[in-house]
Structure formats: structure tokens, C-alpha cells
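Q: A predicted structure for the sequence below; I have some questions about it.
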Amino acid sequence: MCHGSMVERMSPRVSSAHGRADTGATRGLRLTRGVAATWWYTLSAVVFFEVMVVFIWAGALFEAGRGPATLFVVGVGGLVWTASTVPLLLDYRHRIDESTWARWPRLLVPLLVAAVFGGAAGVASGLWLIAILPLAQSVLLLNWPAGVRVRMLVAATMLLGAAWFVDARLTFAADPPGNWWLVGFFSTFMPAMTVVSLWWWDVLIAIDRARASEARLAATQERLRVATDVHDLQGHHLQVIALQLELAERLMSREPEAALEQLRAARASVDEARQGTRDLATRFRSVPLRDEIENAADLLRAAGTAVQTIVSPDADEAPDRVLAPIIRETTTNVLRHGGGVWAHLELARDKAGWRYRIANDTGGSEASRDGAGLEGIGRRVSDAGGTFEVRRDHGEFSVVVVVPSVTEGAA
């Protein structure tokens, strides 16, 4: 939270949260931090399933008395195959609405690794189950349409179940390992567990996009309302001014005094239009400081930051013309330069006036001391006759502003 440029005014609360959430339906998935964290849980779960199955395979083969070469091919090769599925998962996260094979060069290597490992492990172990699963799992990680993925999952599960049955009858018919049922169960149903995990991720993405769309719609409706009010106000005054000037032009040669009167009326109409525009702008800009703090907190929470706020009950009596821009600027700085874990906002009456404090974690990086945003805040506070302080210690960055109860700008 060391420096940054001014953020647009957060008028409606939903519009402020929209600033970070607007993106889901375009090229990439720029997500809030909470949703992004859920993705890493999803990826970790899929990779954990795969590693667990590889170790179950190796354990069953070891119990069956297979040699070191077989265990090496299955164990080490299985870990290499698991690593090759990570690019497929990352590609799935950043997918867009295009053909499954639109980015085939990036997908070809992981699929080849799965095919080679499946073939080598199948030959070394003599198990159809181990030969089929790697490629089936990797193919299901591609960006298939929902209906296609379900059909492929059903086919893969049936094929793996049949391979489990064949291996049990042919390879381990006489003396199956004690954990053979684990091998068959987890190998057969691992694609299903993977698809369920990806389905849950798709649901979260749909919810995140719906939330972003709702925020965009609210912002669009607000802009439409502003445009309508401006059109009604200016359209009326401009029409009156045009008529007054036209009348003055007609009267100029015959009745100069009457024409001059119409020019005075036109000038008065211009003043009315200008004042009406100022009143309209003031009405839309005027947000109570309590709402300003809540808007800032909502924006930070939408970015995945844990926020705590302490606001005095009479906070709306504070000089909003000074403090409102400072609240918005410091909130922008937290978003751009903070660690993103926690933030604390406080607005309370002080013996010297009103005290505003915002603190956040630095994420392990030291803040710069010459940020243009902080310089602008300092000038604004100085012009209001207040004090401005920046504190940095032990992974915490805070800005403390104290302004008089009545400032020159407020007066």
C-alpha cells in the first residue's frame, strides 16, 4: 500500500466490487483470490489421487513379488506421468470457449507421456488396468463439452472395470495381492473422482461469472440512469436557450431592447443549466463516509482480503470532501501493493478532529517511500490543516490521517 493512482469513485456498492470481478466471460479467467485458491485445492486433489494410485500400484506389484525393474517403471514412470498432467490441469483452468484441440501443441506432449507410460507400465506389469488408465485420465482432463466428457467418463469407467476383471482372472487368478481390490477400485473410479472435481470447479466459475455479470449490469444501469438525468436536464435547458437566442436574433433589428432582454434570459438559462449540472454531479458524488468505508471493505473482500472495519456512529459528520478521496486512494493502494491477506480500516473522532487509519500486510515486501499516491494524500491533508503519517514495521503498512472537524474545503 505504498503508492498508486486514484481509483474511480465507488458510488454504488456493487459497482465497487465490480472493479475486480469484471472478467469472467472474455479471454482468460481473472478470478478473485478466493476462487483462485479453490482452483489450487482442486488441482492438488487431482494430483493427490494420481500419486496415491501410483503408490497403490507399486505396493501391489511389490507384494506380488515383481522385480525392481517393474517397480521402477511403474513407480518412477507414474510420478513422471502425474507431473505431465499438471500442464493439462493448468490449461483447463485458463481454457476459453474454443475447440478442444485449438492449442494441441501444448497438449500433445502430456498425452504422449501418458501413452508411453501406460504402454511401458502395462508391458512391465502385465496388467491391462495400468496400461489403460494413464491415457484415459489424461484425455479426460482436456476441455471437452460437458455432454462429451460424461459419455467419455462412462466409457472409460466401463473399460477400466473390464480391465480390472480381466487382470483378476488372468494375471492374479491364483494368488492375488492383498490390496488388489484397492488397485481395482481406485484405478477404476479415479477418472470419476477427477471429473467430479473439475465439475465442481466449473460450478464455481459459473457462479463467479454470474456475480461479475450482475455487477456489470448494476454498473450499466447506474450509468444509464446518470445519462438519462443529464439528457433530461441539458436537453430542456438547451431547447429553451435555443428558442431565446432565435427570438433575440429576430428582434435585434426591430426591437433592440426586447432582443437584449431575450439575451439576458438566455444567459440566465445557461446559469440554471450549469447549476443544475453541478447539483446533479454533487448528488451522484455525495456518498456518506460510512458507505465509503463499506464500499472499500466490499472491494477488498471481493479481492480475497480479510477486512475488519471500525467506524464511529457519527462518521457522516466528518469532512467527506477530504476523507472520501483518501479512503478511495488508500483502498486502491492496498489492492495494488498489499499482501492480500488482511486489512484494517478505522474512522473515529479524535481530540484533534477525525482520525482515519488503514493498515494491511505487506506480503513480505517493503513498501516504497516515494509513491505518488502518498504524496497526493499528504498534499490533500496538508491543505485541510491535518496531519499525515505513514508507518512500516514488522510486515505491516499503515496510513494514519487526522483532519480537523471543520476544514476549509468543507466550509
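A: Structure's in. What do you need?

Q: Going along the chain, name the strands of the chain.
A: Secondary structure of the chain (DSSP state E): strands at 306-311, 342-350, 353-361, 387-393, 396-403.

Q: Let's have the ones you listed in CSV, adding mean neighbour count and mean pLDDT.
A: C-betas here are computed from N, CA, C, even on glycine. Below are the strands of the chain laid out as CSV (neighbours: other CB atoms under 10 Å; pLDDT from 0 to 100):
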stretch, mean neighbour count, mean pLDDT
strand 306-311, 15, 90
strand 342-350, 18, 90
strand 353-361, 22, 91
strand 387-393, 14, 89
strand 396-403, 21, 91
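
Q: So which of those strands is nearest residue 336?
A: Residue 336 lies closest to strand 353-361 among the strands of the chain, at 11.1 Å (CB to CB).

Q: Neighbouring strands - and their directions - for the closest one?
A: strand 342-350 (antiparallel), strand 396-403 (antiparallel) (DSSP bridges).

Q: quick check: longest helix of the chain.
A: Longest helix of the chain, by residue count under DSSP state H: helix 180-251.

Q: from the chain's centre, how far out does it sit?
A: Centroid separation between helix 180-251 and its chain, computed with CA atoms, centre = their mean, to the nearest Å, is 15 Å.

Q: For the protein, give me the ranges with low pLDDT.
A: 1-35, 95-104, 171-179, 215, 281-287, 363-372, 406-411 (pLDDT under 70).

Q: ok, back up a step: packing partners for the longest helix of the chain?
A: Packing partners of helix 180-251 (3 or more CB pairs under 8 Å, 6 or more residues apart in numbering; DSSP states H and E): helix 13-21, helix 33-63, helix 128-140, helix 146-170, helix 256-285.

Q: List the buried residues of stretch 331-338.
A: Residues of stretch 331-338 classed as buried by neighbour count (16 or more other CB atoms under 10 Å): 331-335, 337-338.

Q: Show me how far it is from its chain's centre.
A: 14 Å.

Q: could I have that stretch exported to PDB, CA atoms only?
A: As requested, C-alpha coordinates have been extracted for stretch 331-338 and formatted as PDB (Å, rounded to 0.1, in the frame of the first residue of the first chain):
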ATOM      1  CA  THR A 331      -8.000   1.300  -0.800                       C
ATOM      2  CA  THR A 332      -6.600   1.200  -4.300                       C
ATOM      3  CA  ASN A 333      -3.100   1.100  -2.900                       C
ATOM      4  CA  VAL A 334      -4.000  -1.900  -0.700                       C
ATOM      5  CA  LEU A 335      -5.300  -3.700  -3.700                       C
ATOM      6  CA  ARG A 336      -2.300  -3.000  -5.900                       C
ATOM      7  CA  HIS A 337       0.500  -3.200  -3.400                       C
ATOM      8  CA  GLY A 338      -0.700  -5.100  -0.300                       C
END
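
Q: Could you shift the numbering so residue one becomes 16, and keep it that way?
A: Got it, the first residue is 16 from now on, which makes the last one we talked about stretch 346-353.

Q: circling back to that earlier point, pick out the most distant pair among the buried residues of stretch 346-353.
A: Greatest spatial distance in these: 346 and 352, 11.5 Å, computed using CB to CB.

Q: ok, back up a step: ok, which of the strands of the chain comes nearest residue 288?
A: Proximity of the strands of the chain to residue 288 was assessed by CB to CB; the nearest stretch is strand 411-418, lying at 34.0 Å.

Q: what sits up against that closest one?
A: Residues outside strand 411-418 that contact it (CB atoms under 8 Å, 6 or more residues apart in numbering): 16-17, 333-334, 337-338, 341, 345, 353, 365, 367-377, 382, 389, 392, 396, 399-407.

Q: can you rerun that using 7 Å?
A: With CB atoms under 7 Å, 6 or more residues apart in numbering as the test, strand 411-418 has contacts from 16-17, 334, 337-338, 341, 345, 365, 367-377, 382, 396, 399, 401-406.

Q: Include distance to residue 184 when you put the strands paired with strand 368-376 into TSV, please.
A: Shown next, in TSV, are the strands paired with strand 368-376 (distance: least, CB to CB, whole Å):
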stretch	distance to residue 184
strand 357-365	59
strand 411-418	66
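
Q: looking at the ones you listed, which is closest to residue 270?
A: Comparison of the strands paired with strand 368-376 against residue 270 by CB to CB identifies strand 411-418 as nearest, at 56.9 Å.

Q: Determine the angle, from 0 to 180 degrees, between the closest one and strand 402-408.
A: Angle between the axes of strand 411-418 and strand 402-408 is 170 degrees (criterion: axes from the mean of the first three to the mean of the last three CA atoms, to 10 degrees).

Q: any idea how far residue 393 is from residue 404?
A: Here residue 393 is placed at a distance of 10 Å from residue 404 (CB to CB, to the nearest Å).

Q: ok, now which ones touch the residue lying closest to residue 66 once chain neighbours are set aside?
A: Nearest residue to residue 66, sequence neighbours excluded (CB to CB, 6 or more residues apart in numbering): residue 97, at 5.5 Å. When contacts are counted by CB under 7 Å, 6+ apart, residue 97 touches 62, 65-66, 69.

Q: Now neighbour count and distance to residue 75 too, for those residues, in a markdown table please.
A: Output for these, formatted as a markdown table (neighbours: other CB atoms under 10 Å; distance: CB to CB, whole Å):
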| residue | neighbour count | distance to residue 75 |
| --- | --- | --- |
| 62 | 15 | 21 |
| 65 | 23 | 16 |
| 66 | 14 | 15 |
| 69 | 24 | 11 |
